[in-house]
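Asks: could you work out the structure for the sequence below:
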Amino acid sequence: MTLLADTLTWAGTAVCVLAGLRLAVTRGAAARLHAVAPVTALAAPLLLAGLALHPWSSWHDVVKIAVIGVLLAATGPATVVTAGQAVARATGTGAGTGAGRPGSAGGARDGEPS
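Replies: Predicted structure coming up:
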């Protein structure tokens, strides 16, 4: 069990380090969002699973790690979408798509031809 826990922990750490190195050489805000996406999608679950499987983890440590995982899974995508919308508004890209406007589902808005 220790070998599996160590392997998961180090794999998650490697993904974090590689994403950080990729972030350092990536230009553009949207590209940077894509560069750090593997951290919440892959590295965090690997690290959390590795930490939960370590023999020194008690049941309440595992519960805390599970809560952190649930919070990351619930808030990570919403945070990335919000940051992407802020980047799009700041740079003026995507202004005509209807994305991010209140009451808009990407279709025609009131008063606009469809």
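Asks: who does the helix or strand encompassing residue 85 touch, helix- and strand-wise?
Replies: Element membership of residue 85, judged by DSSP states H and E, is helix 59-91. Using 3 or more Cβ pairs under 8 Å, 6 or more residues apart in numbering; DSSP states H and E as the contact criterion, the neighbours of helix 59-91 among helices and strands are helix 29-38, helix 44-53. (Each C-beta comes from the backbone N, C-alpha and C, glycine too.)
Asks: can you pull up the most central residue in this structure?
Replies: residue 40 (3.7 Å; Cα atoms, centre = their mean).
Asks: helices and strands around the worst-scoring helix or strand of the chain on mean pLDDT, which ones?
Replies: Taking mean pLDDT, DSSP states H and E as the measure, the helix or strand of the chain with the lowest value is helix 29-38, at a mean of 85. If you count contacts as 3+ Cβ pairs under 8 Å, 6+ apart, helix 29-38 packs onto helix 2-25, helix 59-91.
Asks: tell me which of these approaches residue 45 most closely.
Replies: Set against residue 45 and scored by Cβ to Cβ, the helices and strands packed on helix 29-38 come closest in helix 59-91, at 6.7 Å.
Asks: averaged pLDDT, that closest one. What do you get?
Replies: Averaging pLDDT along helix 59-91 gives 87.
Asks: what of stretch 3-20?
Replies: 94.
Asks: just how off-centre is it within its chain?
Replies: Distance of stretch 3-20 from its chain centroid, counting by Cα atoms, centre = their mean, to the nearest Å, is 16 Å.
Asks: can you check stretch 81-94 too?
Replies: 16 Å.
Asks: next one: stretch 36-47
Replies: 7 Å.
Asks: in what helix or strand does residue 57 lie?
Replies: Residue-wise, residue 57 maps onto no helix or strand under DSSP H and E.
Asks: the closest residue to it other than its chain neighbours: how many residues sit nearby?
Replies: Taking Cβ to Cβ, 6 or more residues apart in numbering, and ignoring the residues beside it in sequence, residue 57 has residue 51 as its nearest neighbour in space, at 6.6 Å. The burial metric for residue 51, expressed as a neighbour count using other Cβ atoms under 10 Å, is 20.
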